[in-house]
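*Asks:* quick one, what's the 3D model for this:
(chains A and B)
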There are 2 protein chains.
Amino acid sequence: MADVPPNRRSPPHPRTRRGKDTRAGLLRAAEAVIGEIGYAASSIADITRKAGIAQGTFYIYFQSKDEVFRELVVEMGRLTRGFLTEAVADAPDRLTAERRGLRAFLAFVAERPTLYNIVTEARFVAPDAYRDYYTVFARGYAQNLSAAAKEGEIRSGSAEVRAWALMGMAITLGERFAIWETGIDLDMVVDEVFDMLERGLRP
Amino acid sequence: MADVPPNRRSPPHPRTRRGKDTRAGLLRAAEAVIGEIGYAASSIADITRKAGIAQGTFYIYFQSKDEVFRELVVEMGRLTRGFLTEAVADAPDRLTAERRGLRAFLAFVAERPTLYNIVTEARFVAPDAYRDYYTVFARGYAQNLSAAAKEGEIRSGSAEVRAWALMGMAITLGERFAIWETGIDLDMVVDEVFDMLERGLRP
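*Replies:* Numbering: from 1, shown residues only, chains lettered A, B, ... in the order given. Sure thing, here's the model as predicted:
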């Protein structure tokens, strides 16, 4: 069965409670299915079966597998950013926020290891969605670093370069210490990284 | 045509100059083809055509597309590590080596943007090769950091956590500043990152 019915535009977002719930359920099902077996192997039938709805109902909410995947990448970004924003909301200064943010990110990844499968697969399946995912992240991150430097909470420097460097660090630490191996003392990992970030490597 | 002829073992490495050259040519062709169009879309015929040899000759050197891909991932790791080792060979201390290593890595990536396509695709196509790629890297990196801490060239701390953090930083900086956008002043990027790494973010 072709994934894209001809002459269809992207369906509008649902306005009823029930419609919103069904759409959210489809996104969670897409996350579970695509995160587990990958984009190419996943079918719309797999996703609707997982969501417990009729296959035809899918098209009330999404035009195609490609569309639900792109929406999933955008939504994973929103979820992650929301989680991190909440985790650092009460931090008294930027360095504390950095530490709490990394700790929260590692916890998030440990709970949701399929996040990496989805975002990394987007690099190949939906490159623009992949770039947007990190670019939106980096933009917010750089704004926070820039504001903190102005307030004197961190030394001044390129907020953009720092944002990408810190993001990269978190991504790889998450893969290594929260996905590949479980049961690692994540507080120890965060302590070690933060010692380096706060005080530097210079003896 | 099936990729794996039945009842074949992995062919032995060639011993003649000509055999070694043909094998190396196949790896370069695999790098170009798979790096450009991806593993699934690439055929052995594409690779032999690119290498300028008869398709049947492929099986003198590799058993399957899977085998040439895995060997390519291993070889990309060797190439990258060799390039970096040479770039930092004359560095008088670890911090200088870190700086030169990052600069060299960004230059390497800018010259060879398909590196990321191949290694990242290995995450899905050959997960053990993908893990090995980074694990071998991290092991060597951690040994260097550990030795430098013993010599008092850097502050002491977990060499393993630092190695993964620094690798992650380099990977993402390479993707952002050497692949997505070209013509970026990579010296500026390295200066900014090293300011943070040497002296830390604390004001």
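*Asks:* nearest spatial neighbour of residue A:182, chain-adjacent residues omitted?
*Replies:* Once flanking residues are discounted, residue A:182 sits nearest to residue A:110: 7.0 Å by C-beta to C-beta, 6 or more residues apart in numbering or on different chains. (Glycine included, C-beta is placed from N, CA and C.)
*Asks:* same question for residue A:133.
*Replies:* Nearest to residue A:133 is residue A:77, by C-beta to C-beta, 6+ apart, at 4.8 Å.
*Asks:* buried stuff in the host helix or strand of the one you found?
*Replies:* Here residue A:77 sits within helix A:65-88, counting by DSSP states H and E. Neighbour-count burial for helix A:65-88, counted by 16 or more other C-beta atoms under 10 Å in any protein chain shown, picks out A:65, A:67-77, A:80, A:83-84, A:87-88.
*Asks:* ok, stretch A:120-132 next?
*Replies:* Residues A:120-126, A:129-130, A:132 are the ones in stretch A:120-132 that count as buried (16+ other C-beta under 10 Å).
*Asks:* how long is that stretch end to end?
*Replies:* Taking C-alpha to C-alpha, to the nearest Å, stretch A:120-132 runs 13 Å from one end to the other.
*Asks:* pLDDT on that stretch, on average?
*Replies:* Per-region confidence: stretch A:120-132 scores 95 on mean pLDDT.
*Asks:* tell me which helix or strand comes right after the helix or strand bottoming out on mean pLDDT in chain A.
*Replies:* For chain A, using mean pLDDT, DSSP states H and E, the weakest element among its helices and strands is helix A:114-125, scoring a mean of 93. Downstream of helix A:114-125, the first helix or strand assigned by DSSP H and E is helix A:127-150.
*Asks:* which elements pack onto that following helix?
*Replies:* When contacts are defined as 3 or more C-beta pairs under 8 Å, 6 or more residues apart in numbering or on different chains; DSSP states H and E, helix A:127-150 sits against helix A:65-88, helix A:94-111, helix A:114-125, helix A:159-174.
*Asks:* show residues contacting the second one.
*Replies:* Outside of helix A:94-111, the residues within contact range by C-beta atoms under 8 Å, 6 or more residues apart in numbering or on different chains are A:80, A:83-84, A:87-88, A:91, A:115-116, A:144-145, A:148, A:151, A:153-154, A:166, A:170, A:173-175, A:177-179, A:182, A:186-187, A:189-190, A:193-194, A:197-198, B:201-202.
*Asks:* centre of the chain to it, how far?
*Replies:* With C-alpha atoms, centre = their mean, to the nearest Å as the basis, helix A:94-111 stands 13 Å off its chain's centre.
*Asks:* buried set for it?
*Replies:* In helix A:94-111, counting by 16+ other C-beta under 10 Å, buried: A:94-95, A:97-106, A:108-110.
*Asks:* how about residue A:184, secondary structure?
*Replies:* Under DSSP: H, G, I helix; E, B strand; the rest coil, the three-state class of residue A:184 is coil.
*Asks:* quick one: it from residue B:86, how far?
*Replies:* Using C-beta to C-beta, to the nearest Å, residue A:184 is found at 34 Å from residue B:86.
*Asks:* tell me where chain A is predicted with low confidence.
*Replies:* A:1-8 (pLDDT under 70).
*Asks:* before we move on, back to that, closest one to residue B:49 out of the buried residues of stretch A:120-132, please.
*Replies:* The nearest member of these to residue B:49, counting by C-beta to C-beta, is residue A:124 at 23.0 Å.
*Asks:* circling back to that earlier point, what packs against the least confident helix or strand of chain A?
*Replies:* helix A:17-37, helix A:65-88, helix A:94-111, helix A:127-150, helix B:114-125.
*Asks:* and that helix with helix A:127-150, angle?
*Replies:* Interaxial angle of helix A:114-125 relative to helix A:127-150 (axes from the mean of the first three to the mean of the last three C-alpha atoms, to 10 degrees): 120 degrees.
*Asks:* could you check the angle helix A:114-125 makes with helix A:17-37?
*Replies:* Compare the direction of helix A:114-125 with that of helix A:17-37 by the same axes, to 10 degrees and you get 80 degrees.
*Asks:* hang on, the earlier thing: from the buried residues of helix A:94-111, which is closest to chain B?
*Replies:* Nearest to chain B out of the buried residues of helix A:94-111 is residue A:95 (C-beta to the nearest C-beta; 6.4 Å).
*Asks:* outline the domain layout of chain A.
*Replies:* Annotated domains of chain A cover A:17-66, A:69-198 [automatic domain parsing].
*Asks:* next, format the helices and strands packed on helix A:114-125 as a markdown table and append distance to residue B:57.
*Replies:* Formatted as a markdown table, the helices and strands packed on helix A:114-125 follow (distance: least, C-beta to C-beta, whole Å):
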| stretch | distance to residue B:57 |
| --- | --- |
| helix A:17-37 | 35 |
| helix A:65-88 | 39 |
| helix A:94-111 | 45 |
| helix A:127-150 | 34 |
| helix B:114-125 | 22 |
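*Asks:* now do the contacts for residue A:13.
*Replies:* By C-beta under 8 Å, 6+ apart, residue A:13 lies in contact with A:20, A:23.
*Asks:* what's the spacing between it and residue A:28?
*Replies:* As judged by C-beta to C-beta, residue A:13 and residue A:28 stand 16 Å apart.
*Asks:* coming back round to it: which other helices and strands contact the helix holding residue A:77?
*Replies:* By 3+ C-beta pairs under 8 Å, 6+ apart, helix A:65-88 packs against helix A:17-37, helix A:44-51, helix A:94-111, helix A:114-125, helix A:127-150.
*Asks:* among those helices, which is nearest residue A:60?
*Replies:* With C-beta to C-beta, the closest approach to residue A:60 among the helices and strands packed on helix A:65-88 belongs to helix A:17-37: 7.8 Å.
*Asks:* now do that closest one: which elements does it pack against?
*Replies:* helix A:44-51, helix A:58-61, helix A:65-88, helix A:114-125.
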